[in-house]
Every structure is written in C-alpha cells, then in structure tokens.
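Student: Pasted the sequence and its predicted model underneath.
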Amino acid sequence: MTDKQAVVAALAAVLPDVNRDEIEEKLEAPKSTDLGDIAFPAFFLAKALHKAPQAIASEIVENIDQANFEKVVATGPYVNFFLDKVATSKATLHQILTEESDFGANEDGQMRNVTIDMSSPNIAKPMSMGHLRSTVIGNSLANITAKNGYHPVKINHLGDWGTQFGKLIYAYKTWGSEDEVKADPIATLLKYYVEFHEKAKEDESLNDEGRAWFKKLEDGDPEAHELWSWFRKESLKEFTEIYDRLGIDFDSFNGEAFYNDKMDGVVDQLAQKGLLVKSQGAEIVDLSSIDENLTPAMIKRSDGATLYMTRDLAAAIYRKETYDFVKSLYVVGGEQREHFVQLKAVLSLMGEPWADDIEHISFGLITFNGKKMSTRKGDVVLLKDVLDDAHELALAQIKEKNPDLANKEEVAEEVGAGAVVFHDLMNDRTNNFDFNLEEVVRFEGDTGPYVQYTNARAQSILRKAGKGVNLDDLNLDDAATWEIISNLNNFPEVVRRAWAKREPSVIAKYALNLARTFNKYYANSKILTEDDQLNARLALVSAVSVVLTESLALLGVKAPAEM
Ligand code: ARG
C-alpha cells in the first residue's frame, strides 16, 4: 500500500458517505514537512455536513484509526498526516533500489501511440534556437510519455517543401557554384537565399522566377527534383551532427515533401464535403462557423500550388491512419498558434472526431544574450557554436575541480550539452527567456551541471564506501533524511504531473529541488561514519542517485558518474 492509499483508507473509514476517489483527489502536500506529510482539507465537506471545516477536521482526528501513522493532527481546517518515518523510509528505499530506472513509471498509457511532431527544421537553413527548443522539449515529452506507459512516435516534419526551394534553385542556377555548396552546404545555401531576397527587393521579377521553379518542382521536373534532393541530403547531414550530439533520434523523417502525393486526396475530400471556397483565385476553407474571428485556411494558391496548411492536413490524416494515435502533439513555437487552431478547425469541419486529440505544444521565444535571431537576414546564432562554447566552458570547470579525471572531453560534452538542454527545459515552456551561456554552464545555482554534479557527488560517496547496499537493513529515523525520503516518494506523482501538463519543467524543477535537499543533508551529516545506520545512509545516497539520474534521463540529459 502506498502512503496515499493508507491515508485514503483511514479517511474513507470515518467518511463513509464520501467517494474514495474524491478523497484521493483532495489530498495535498502541506506547505512544509513540519506540518505533516499529507494534508486533507475539510472545506469541501462543510456544505454537506452543515459544519465548519475546523470542526470537521477535529472530529475526523478524534475518530480516525492512527495505527499506520506517526500521528494525525488537525491544523485549522486541515487534517495533517505524519507518516511513520521508519516504515516509509524503508519501503521507499527498498522500492527505488529494486526498481531502479523503472521507479516512477506507470501503465496509464496502455502502450497506446502518441505522435510527437518535433524539431522540424527547414532544409537549406541553419537549425535555429527555436528548433532546438522544439527538439529538446519534444524529446523530453517523448521520454515522459513512455514513462507514463504510452508509446511515443517521434516525427521530424522537415521543412523540405515550399516556395523557398523555388527561390533557392533559381539562385543556385543563376549565381551559385557546386564547389561552394559542397564545402559548406547550409551556410552557402543560406547565403544564396539571403542574396535572393536582397536582389528581389530591387527586381520584383525574381519572385516570379522563384515561384516558377517551385511549380516545376511540384510537377516533378527532373532537374528541379535533383537539386532539391541534393540540398535536402546535405542539410540533413548537418542536422544529424547536432542530433547525435544531443543524443536524440527520430522514428520518422517524413517531412513536408512526403505528403506531395497525398494532397490531391485531401483537396478532393474538402471539395466533396463542400468546404472548399474560391477566393481571389485561391482556394480556402472558411472557418467562421467554428470561430468568427478565425482567418480562413489557405489550401491552394491561385497558381495551383499547395501550401503549408495543405501538407499539414495530409500529415495529420496520414498519422491517424498509420499510428492510430490517442494524442497527436506538435511541438512548435507560439508564433504558429493560429495555424494549429486552423488545422484543428478544418479537420473538425471534415467530421474527424480525433481533431480534438491534436495539441499544439507551444513554447516561448529564446534570445541569446538579449539578441533576437532571424534567418531571413542571415543574422543567426548557430547551434553548433553554442554547443562548442558550452563544451569549452564545462571543460574549464572540470579541469579546475577534477584535474585527474580521465575522460575529460567526453564528460565536458555531456555537461556542456546537458547544460544547454536543462536550461531550455527548466522554465515553463511558454515563457520567453534569454540565454547566457556562462550562467547556464555554472556548476552552482539552478543549472543542469548542478544536478549532474550532485549526482556525481553521490556516486563518489558510494565509491568511497566501497561496498554494496544491503536491502534488508534500511532503518533510518533521523529527521534530516525525512525531507529527502518524502521528496523521493513524490517522484511517481511528478512523472504523472509532467505528462498531464505536457511540461518537462516539472521534472527539471523536481530534480533541482532534490539536488538541493540532498546537498543540504550532505553538508550537515557524516554519511560515511561507521555506525549501525551506515548501510541505510548508503541506500539513501544510492536512491538519490537513481532518481536524479532518471530525472535527467527524462529530460534527455546524461548523468556522468564523475565530473
Ligand atoms: N518547419 C516549420 C518551421 O520551422 C515547423 C514545422 C512544424 N510542424 C508542422 N507539422 N507544421 O517553422
């Protein structure tokens, strides 16, 4: 029986008319552990029982069976339960050390599929910090999804189609060079694209040339197709370097182009259902019946070319048919909010009930030392440079703290990349935030390296002890360990909350708090002293390391054993 279940059982016995699920739902954590470990607020019973909440709380305490608890007290309108610390510590440590990385997992998802549209950078352009956010938030959500018993499908919806490729082909054919592209593909292609826009400002006819080449590409012109496919291949090579560094992989790279032969079907369906309307030569779906303020969805341009929306409609339908998802997530910046509202609106007008399972997982803007980034102007912060700088900053600190460490370079990469990822995930995802690398890679404060360092410290204590933990001797009764135990105990609920809110930050904040709690304990106790609780203390240290490592893993951050 978990602690919560014990509390629910005791309360249910004295509140026979209240539903057990309702009791469980109302349970909360008291503001501090001095007040108790689990609190039951009596407010909601006042009306039904015609009594003041304070009176209800004291009556419950008078009648409740206290056998399984250290004590049960009424504090104002709350019934506060103090768990039996020795028994709870024992059970918690035993569970964590036998389940290890499975601790905190549940089977809520029943292995049903959740598709996660993530990363999705645009071919021939550098991956931006915005795409980094989508990549790491998506990856962490995939891990959290799996921990909750679902089966995640990570889809990289590459931006490998659209009018920009017409512009690029025109630019390349008119003033580009094969050798130049080969030497530095994305940077060179970006340069052509930027030049195209500069020239088009003076000569509007360039835009028509670009459009014409895109039309050729859509119609399967061999020359256009060959160039496009070469740009795509070279770009993907560079993206893969970044994914490898972050340790992130995908289940599908079906980008926009993949839906080319699936769009006629969508357009036909829209026409059949009478949803397609002509407007100034273009074809649109009017969405005012769903929301009068919603801009119509553009399905076909006046020259017949399909659009981003059309491809997303085809993709959504394909994903439902292929994966029969229970949820379909799109991890995309907040600036595309309206696009996803429109996407869902069109699908529901088409009569697809699963349109409601589509969720736009929005996130805020990221700036770098106060600077915004824009690919259009070619003024961009390259992700590769950010990771390289993070690596160097981590290496410098490792050299200072642990000069004898053998695999410094490897650890510096895990700490540098981990720092960038952790920082991205620790704030609520819809917040905007600025990025200062020196702060992010620090070993102290609210950073990923701080959590990693705490875990390495726990590992080093275990190495020094030089012996395994005996799971039959886990008696711990000092108050100092209790804060850690009750934190560890919360992990399964934290995993559920992170999924319910689609928020990796729930895990990151939890990990920071656990690390802080452990460091406080470490500073105030002699863990390695030879006494009859040594084994139990080592079990505690080991359990903290298991949960810190697993929290970092859910975020997609490595946990080096030494740093
Ligand atoms: N390539 C797009 C961009 O960089 C993001 C695509 C997001 N996914 C989607 N299915 N629309 O803005």
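Tutor: Looks like it came in fine. Numbers count the residues shown, from 1 in each chain.
Student: Which residue ranges make up each domain of this structure?
Tutor: Split into domains by automatic domain parsing, the chain comes to 3-83, 383-555.
Student: does the last one come close to the ligand?
Tutor: This points to domain 383-555. No. Judged by Cβ under 6 Å from any ligand atom, domain 383-555 stays clear of the ligand, getting no closer than 13.5 Å. No exception for glycine: its C-beta is placed from N, CA and C like everyone else's.
Student: so how many other residues sit close to the nearest residue to residue 275 once chain neighbours are set aside?
Tutor: In space, and not counting its chain neighbours, residue 275 is closest to residue 285: 5.0 Å by Cβ to Cβ, 6 or more residues apart in numbering. By the criterion of other Cβ atoms under 10 Å, residue 285 has 20 neighbours.
Student: Dig out what residue 285 forms beta bridges with.
Tutor: Residue 285 has these beta-bridge partners by DSSP bridges: residue 276, residue 297.
Student: How about the contacts made by it?
Tutor: For residue 285, the contacting residues are 270, 275, 276, 277, 296, 297, 299, 346, 349, by Cβ atoms under 8 Å, 6 or more residues apart in numbering.
Student: right, and the fifth one touches residue 280 too?
Tutor: No. If you go by Cβ atoms under 8 Å, residue 296 and residue 280 don't touch, sitting 11.1 Å apart.
Student: and these two? which has more neighbours close in?
Tutor: residue 296 (17 against 6).
Student: Where does the prediction get shaky in the protein?
Tutor: 1, 371-381 (pLDDT under 70).
Student: hey, which helix is longest across it?
Tutor: In the chain, assigned by DSSP state H, the helix with the most residues is helix 222-246.
Student: Going by neighbour count, list what's buried in whichever helix or strand comes after it.
Tutor: Next in sequence after helix 222-246, counting helices and strands by DSSP states H and E, comes helix 263-272. Neighbour-count burial for helix 263-272, with 16 or more other Cβ atoms under 10 Å as criterion, is recorded at 263, 266, 267, 270.
Student: Check which helices and strands helix 263-272 sits against.
Tutor: Contacts defined by 3 or more Cβ pairs under 8 Å, 6 or more residues apart in numbering; DSSP states H and E place helix 263-272 against strand 297-300, helix 308-323.
Student: now it against helix 308-323, angle please.
Tutor: Relative orientation of helix 263-272 versus helix 308-323 (axes from the mean of the first three to the mean of the last three Cα atoms, to 10 degrees): 100 degrees.
Student: returning to what we had before: run the contact check for the longest helix of the chain versus the ligand.
Tutor: No. Using Cβ under 6 Å from any ligand atom, helix 222-246 stays clear of the ligand, with a minimum separation of 11.8 Å.
Student: what's the neighbour count on the residue nearest to residue 171 when sequence neighbours are not counted?
Tutor: Nearest non-adjacent residue to residue 171, counting by Cβ to Cβ, 6+ apart: residue 192, 4.0 Å away. Residues lying near residue 192 (other Cβ under 10 Å) number 23.
Student: With distance to residue 210 and mean neighbour count as added columns, please give the domains of the chain in a markdown table.
Tutor: Formatted as a markdown table, those follow (distance: least, Cβ to Cβ, whole Å; neighbours: other Cβ atoms under 10 Å):
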| stretch | distance to residue 210 | mean neighbour count |
| --- | --- | --- |
| domain 3-83 | 57 | 16 |
| domain 383-555 | 27 | 19 |
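Student: Take the ones you listed and lay them out in JSON lines including distance to residue 337.
Tutor: Output for the domains of the chain, formatted as JSON lines (distance: least, Cβ to Cβ, whole Å):
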{"stretch": "domain 3-83", "distance to residue 337": "31"}
{"stretch": "domain 383-555", "distance to residue 337": "11"}
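Student: Pick out the residue of the chain closest to the ligand.
Tutor: residue 159 (3.2 Å; Cβ to the nearest ligand atom).
Student: Surely that residue touches residue 257?
Tutor: No. With contact defined as Cβ under 8 Å, residue 159 does not count as touching residue 257 (9.5 Å).
Student: Spatially central, which residue of this protein would that be?
Tutor: When Cα atoms, centre = their mean is applied to the chain, the residue found nearest the centroid is residue 137 (3.1 Å).
Student: Taking helix 222-246 as reference, get the angle to the helix or strand hosting that one.
Tutor: In this assignment (DSSP H and E), residue 137 forms part of helix 129-147. Angle of helix 129-147 versus helix 222-246, following the same axes, to 10 degrees, is 60 degrees.
Student: And whatever helix or strand comes next after helix 129-147, how far out from the chain middle?
Tutor: Per DSSP H and E, the first helix or strand lying C-terminal to helix 129-147 is strand 151-155. Centre-to-centre, strand 151-155 and its host chain are 13 Å apart (Cα atoms, centre = their mean, to the nearest Å).
Student: swap in stretch 184-200?
Tutor: Distance, centroid of stretch 184-200 to centroid of chain: 33 Å (Cα atoms, centre = their mean).
Student: So that stretch, near the ligand or not?
Tutor: No. Judged by Cβ under 6 Å from any ligand atom, stretch 184-200 stays clear of the ligand, getting no closer than 13.9 Å.
Student: next one: stretch 310-325
Tutor: Yes. Using Cβ under 6 Å from any ligand atom, stretch 310-325 reaches the ligand at 312, 315.
Student: How about that stretch, which residues are buried there?
Tutor: In stretch 310-325, counting by 16+ other Cβ under 10 Å, buried: 310-320, 323, 325.
Student: Look up the closest residue to residue 397, ignoring the ones flanking it.
Tutor: Spatial nearest neighbour of residue 397, excluding adjacent residues (Cβ to Cβ, 6+ apart): residue 443 at 5.7 Å.
Student: which secondary structure element contains that neighbour?
Tutor: Short version, using DSSP H and E: residue 443 is in no helix or strand.
Student: I figured it was touching residue 451, is that so?
Tutor: No. The criterion here is Cβ under 8 Å, and residue 443 misses it with residue 451 at 10.1 Å.
Student: before we move on, back to that, what sits up against whichever strand or helix holds the residue nearest to residue 171?
Tutor: Assigned by DSSP H and E, residue 192 belongs to helix 185-202. Residues outside helix 185-202 that contact it (Cβ under 8 Å, 6+ apart) are 124-126, 164, 167-168, 170-172, 175-176, 180-181, 206-207, 210, 231, 234-235, 237-238, 375-378.
Student: buried sites along it?
Tutor: 185, 186, 188, 189, 190, 191, 192, 193, 194, 196, 197, 200.
Student: Would you mind writing the CA trace of that helix as CSV?
Tutor: Provided in CSV are the C-alpha atoms of helix 185-202 (Å, rounded to 0.1, in the frame of the first residue of the first chain):
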residue,chain,number,x,y,z
PRO,A,185,26.3,23.4,-47.6
ILE,A,186,23.9,25.1,-45.2
ALA,A,187,25.9,28.3,-44.8
THR,A,188,26.2,28.6,-48.6
LEU,A,189,22.6,27.8,-49.3
LEU,A,190,21.5,30.3,-46.7
LYS,A,191,23.8,32.9,-48.3
TYR,A,192,22.1,32.3,-51.7
TYR,A,193,18.7,32.6,-50.1
VAL,A,194,19.7,35.9,-48.4
GLU,A,195,21.1,37.2,-51.7
PHE,A,196,17.9,36.2,-53.5
HIS,A,197,15.9,38.4,-51.1
GLU,A,198,18.3,41.3,-51.5
LYS,A,199,18.1,41.1,-55.3
ALA,A,200,14.4,40.6,-55.2
LYS,A,201,14.0,43.9,-53.4
GLU,A,202,15.4,45.6,-56.5
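Student: Tell me the gap between it and the middle of its chain.
Tutor: 34 Å.
Student: right, and the helix or strand after that helix?
Tutor: Counting by DSSP H and E, what follows helix 185-202 is helix 205-218.
Student: which of the residues in that next one are buried?
Tutor: For helix 205-218, by 16+ other Cβ under 10 Å, it's 206, 207, 209, 210, 211, 213, 214, 215, 216, 217, 218.
Student: so how far is residue 174 from the first one?
Tutor: From residue 206 across to residue 174, the span is 9 Å (Cβ to Cβ, to the nearest Å).
Student: now the fourth one
Tutor: Between residue 210 and residue 174 the computed distance is 11 Å (Cβ to Cβ).
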